[in-house]
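[1] Predicted model, plus sequence, below.
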Amino acid sequence: MEWPSPLRRGVLLKRYKRFLADIELPDGEMVTAHCANPGAMTGLKDPGLPAFLSTSDNPKRKLKFSLEAVEVGGKLVGINTAHPNRIVEEAITAGQVPELLGYERLRREVRYGENSRIDVLLEDDAKGLAYVEVKNVHLMREAGLAEFPDSVTARGAKHLVELAHVVGQGHRAVMFYLVQRMDCDRLSIAADIDKTYAEALEMAMKSGVEVIAYDCDISLYGIELRRPVALAL
């Protein structure tokens, strides 16, 4: 996936009200960017971090800039939670996810369960249906270990219940964790942050829900799926 526009570098001044971030550009101009991330952003919102912005010419947008990534330890970390579904869709379509090969059709945001939408629905006359829920991951508190979630997510736990239900109906269900980092080789669940989610995942896996995780290759030009990440569940 290419960024919406060439990224502009700046310095993060502060992230506030969840969806706003103040950035200082190299020429000294101060701008406010949309921060498409409802999570805690632990370790990714510290003042002084290099920040990377895309720009929009859409006159209907209130904010011209979007915060796409920050640099931590010399590595870019994607923070825009609006991108993972597209990244995963592109990777599946390109045949880059061996676990999800062989399906004829792919649809996004399909209604299912109790007032839910599945991120990716794979369909095949012979293989049947595969419901794929995508979660963005960017928390790292221990070197090399990505963790999800970074804040309490009742919605995430609800999705796991829905996935377990479709397995009970005879379909395939996959929980896909997309790590928007390049410095992690393992993924774990942050039970200390959200015990309910951790318990819901354990129950979903016992019900037959599959779990896979991949990281990303992130550059100033774009972001795309890179390689599998080991599960430490």
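    The structure has been received and is ready for your questions.
[2] Report the strands that pair with whichever strand or helix holds Met140, each with its relative direction.
    Using DSSP states H and E, Met140 sits in strand 139-142. Using DSSP bridges, the strands paired with strand 139-142 in its sheet are strand 144-148 (antiparallel).
[3] So for the next helix or strand after the partner strand, mean pLDDT?
    Later in the chain than strand 144-148, the nearest helix or strand by DSSP H and E is helix 154-168. The average pLDDT for helix 154-168 rounds to 96.
[4] What of stretch 183-191?
    So the average pLDDT for stretch 183-191 ends up being 98.
[5] hmm, back to that, quick one: residues in contact with the strand holding Met140.
    Residues outside strand 139-142 that contact it (Cβ atoms under 8 Å, 6 or more residues apart in numbering): 39-40, 42-43, 146-150, 181, 183-184, 190. Heads up, the C-betas are built off the backbone N, CA and C, glycines and all.
[6] what's the answer for stretch 168-178, then?
    84, 87-88, 99-100, 119-120, 127-137, 146, 148, 160, 163-164, 166-167, 187, 201, 204, 207-216, 225, 229.
[7] which among those end up buried?
    For the contacts of stretch 168-178, a burial check counting by 16 or more other Cβ atoms under 10 Å picks out 84, 87-88, 100, 119-120, 129-137, 146, 148, 160, 163-164, 166-167, 187, 201, 204, 207, 209-216, 225, 229.
[8] Domain-wise, how is this structure divided?
    With domains defined by automatic domain parsing, the chain comprises 8-78, 84-231.
[9] Tabulate these (a markdown table), appending distance to Met1.
    Formatted as a markdown table, the domains of the chain follow (distance: least, Cβ to Cβ, whole Å):
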| stretch | distance to Met1 |
| --- | --- |
| domain 8-78 | 10 |
| domain 84-231 | 5 |
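[10] contacting residues for the residue at minimal distance from the centre of the chain?
    In the chain, the residue lying closest to the centroid (Cα atoms, centre = their mean) is Asn136, at 1.9 Å. Residues near Asn136 by Cβ under 8 Å, 6+ apart: 81, 83-84, 178, 180.
[11] Inside helices: which ones of these?
    Pro84 (DSSP state H).
[12] wait, which of the contacts of Asn136 is closest to Tyr221?
    His83 (14.0 Å; Cβ to Cβ).
[13] So that closest one sits against Ile223, correct?
    Yes. Shown here, His83 and Ile223 form a contact pair, counting by Cβ atoms under 8 Å, at 6.7 Å.
[14] Can you pull the residues that touch both of those two?
    By Cβ under 8 Å, 6+ apart, the residues touching both His83 and Ile223 are 1, 180.
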